[in-house]
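Asks: Fold the following, please.
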Amino acid sequence: MTQPQVHRWTASDGIELAFHELGQGRTVILLHGLFSDANMNWIRFGHAARIAAEGFRVIMPDLRAHGLSGKPHEPEHYPRGILARDVRELVAHVGLTEFDLGGFSLGARTTVEAVGEGMRPRRAILGGAGLEGLRNWKRRKTFFLEAIAMFDRVQRGDPHWLSIQFMKSQKVDRVAAAHLLESFEDTFMSWLEAFTMPTLVVCGSEDDDNGSAEELANVLPNALFEEVPGTHMSSVTKPEFGEAIASFLAAQ
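Replies: Just a heads-up that it's a prediction; the model follows:
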């Protein structure tokens, strides 16, 4: 399998969701960041191929309201914790009993929630995540809701400008995105105690968007911190990002 395959499935609330699959071997599920999708974070810059080359089956969902997945406009499709619920249902749909799990930014936050609520991957990856960002997601949520509200009025130089340009490039459905943002709450710090499995915290050298990643690694029971080049936006495009994840997952 040299090109990712796209699969579609239906969540328990009837919404059709998509995931991309590449490679064969032990399964790792990778979750993308806010306003992005599996192609942008994992496929386009070669990370999925690098990980698959180590003998992994890489499963990369497009999260609800993103990518090829459904983007319903009804608020009832965005209850609190919906993304972690979708991940649990995907694991059941694919029939997995052993797997690794990780994500970048929002994907890392979703990984924390899923593990905190009982999911037990063999290994975990938290990319582009810091302790303060997890502890205070309401601040980030408010920032992005403001960006959506001011979508057509913001000028270059405004703090929201870059986020809006990224949303435009990704053709984000703003109604669905706003509903999804409203479903987020701050992370329960007790969730971090569940990370007894080996965990990689990987973050850009200039990325402090979500607080200190090194501080996050220090409070986790069994974590390794690795710094790669770049900011929050650019680090996930660097080959070092995929290399760090591939090496971590392949280690015995």
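
Asks: Check for me that V201 belongs to a strand.
Replies: Yes. Membership of V201 in a strand is supported by DSSP: H, G, I helix; E, B strand; the rest coil.

Asks: For it, which residues are in contact?
Replies: For V201, the contacting residues are 126-127, 129, 213-214, 216-217, 220, 223-226, by CB atoms under 8 Å, 6 or more residues apart in numbering. The way it works is simple: take the backbone N, C-alpha and C, and place the C-beta from them, glycine included.

Asks: What sits closest to the residue nearest to the spatial centre of the chain if chain neighbours are left out?
Replies: Centroid-nearest residue in the chain: G107, 1.5 Å away (criterion: CA atoms, centre = their mean). Take G107 and drop its neighbours on the chain: the residue closest to it by CB to CB, 6 or more residues apart in numbering is L31, 3.0 Å away.

Asks: From the chain's centroid, how far away is the helix or strand T111 falls within?
Replies: Assessed by DSSP states H and E, T111 sits inside helix 106-116. The chain centre lies 8 Å from the centre of helix 106-116; the measure is CA atoms, centre = their mean, to the nearest Å.

Asks: Quick one: list the elements packing against that helix.
Replies: strand 26-31, helix 82-94, strand 100-104, strand 124-127, helix 131-135 (3 or more CB pairs under 8 Å, 6 or more residues apart in numbering; DSSP states H and E).

Asks: would you turn those into JSON lines with mean pLDDT?
Replies: What follows is those, written out as JSON lines (pLDDT from 0 to 100):
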{"stretch": "strand 26-31", "mean pLDDT": "98"}
{"stretch": "helix 82-94", "mean pLDDT": "98"}
{"stretch": "strand 100-104", "mean pLDDT": "98"}
{"stretch": "strand 124-127", "mean pLDDT": "98"}
{"stretch": "helix 131-135", "mean pLDDT": "87"}
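
Asks: if you compare these, which one is most tucked away?
Replies: Most buried of the helices and strands packed on helix 106-116 by mean neighbour count (mean count of other CB atoms under 10 Å) is strand 124-127; its value is a mean of 30.

Asks: Quickly run through the sheet partners of it, with directions.
Replies: Strand pairing for strand 124-127, determined by DSSP bridges: strand 100-104 (parallel), strand 199-204 (parallel).

Asks: Adding distance to A114, write these out as CSV.
Replies: Putting the strands paired with strand 124-127 into CSV (distance: least, CB to CB, whole Å) gives the following:
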stretch, distance to A114
strand 100-104, 7
strand 199-204, 13
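
Asks: hang on, the earlier thing: who are the contact partners of the residue nearest to G107?
Replies: The contact partners of L31, taken as CB under 8 Å, 6+ apart, are 60-61, 63, 83, 87, 101-104, 106-108, 110-111.
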